[in-house]
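Asker: can you look at this prediction? I've put the sequence above it.
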Amino acid sequence: MAGMKSLKKTRRIQVIGLAGVCVAAVLLILALLPDDSFQFFRSPTEVAEAPPPPNELFRIGGLVVEGSIEADDGETIRFEVTDGGAIIPVSYTGILPDLFGENQGMVGQGRYVNGTFEAVEILARHDETYMPKEVIDALKEQGTYVEPDA
């Protein structure tokens, strides 16, 4: 019987040790990931109040301001995005999603450089009523959210 208790104790120590090694390995991998691996969502008000550094990649979301979409001769499109509290100018070079338009929700990924959000990607919505949870939360905080069915 004494040998059985010793075996259980040894197994328990081995399992705890293996779990500790696994936790340490995961933390080490997270520590070694590049900074671009973590992207944060910000509303236009948050960007206006505390502008991030130009090298930080993040997501911004809100509604496209009516009458703000301008396309130049090339592929660059300029528009403004708002959450009802602040307006941030956006510049994007590329093809916009089919459902992109004025007074529509959008999420862009890019950097805030010299007062303009330079998007590297404009994320498409699933349909005309879809809006990411973060955008809905930001609009609700500003008091400008309207239900799609309303």
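Answerer: Done, it's in. In this text the structure is predicted, and so the values were computed from the model without any measurement. Numbers count the residues shown, from 1 in each chain.
Asker: domain map for this protein?
Answerer: According to automatic domain parsing, the chain comprises the domains 2-33, 36-142.
Asker: quickly compare those and say which is most buried.
Answerer: domain 36-142 (a mean of 16; mean count of other C-beta atoms under 10 Å). The way it works is simple: take the backbone N, C-alpha and C, and place the C-beta from them, glycine included.
Asker: after the longest helix along the chain, which helix or strand is next?
Answerer: Criterion DSSP state H: the longest helix present in the chain is helix 2-32. Next along the chain after helix 2-32, taking DSSP states H and E as the criterion, comes strand 40-42.
Asker: direction included, what does that next one pair up with?
Answerer: Using DSSP bridges, the strands paired with strand 40-42 are strand 58-64 (parallel).
Asker: and the contacts of the partner strand?
Answerer: Strand 58-64 has contacts (C-beta atoms under 8 Å, 6 or more residues apart in numbering) with 39-44, 47, 52, 79-84, 88, 90, 100-112, 117, 123, 132, 134-135, 138-139, 144.
Asker: low-confidence stretches in this structure?
Answerer: 1-4, 35-39, 124-132, 146, 148-150 (pLDDT under 70).
Asker: so Ser91 belongs to a strand, correct?
Answerer: Yes: under DSSP: H, G, I helix; E, B strand; the rest coil, Ser91 sits within a strand.
Asker: show me the beta-bridge partners of it.
Answerer: Arg78, Glu118.
Asker: could you check how far it is from Leu30?
Answerer: In this view, Ser91 and Leu30 are 32 Å apart by C-beta to C-beta, to the nearest Å.
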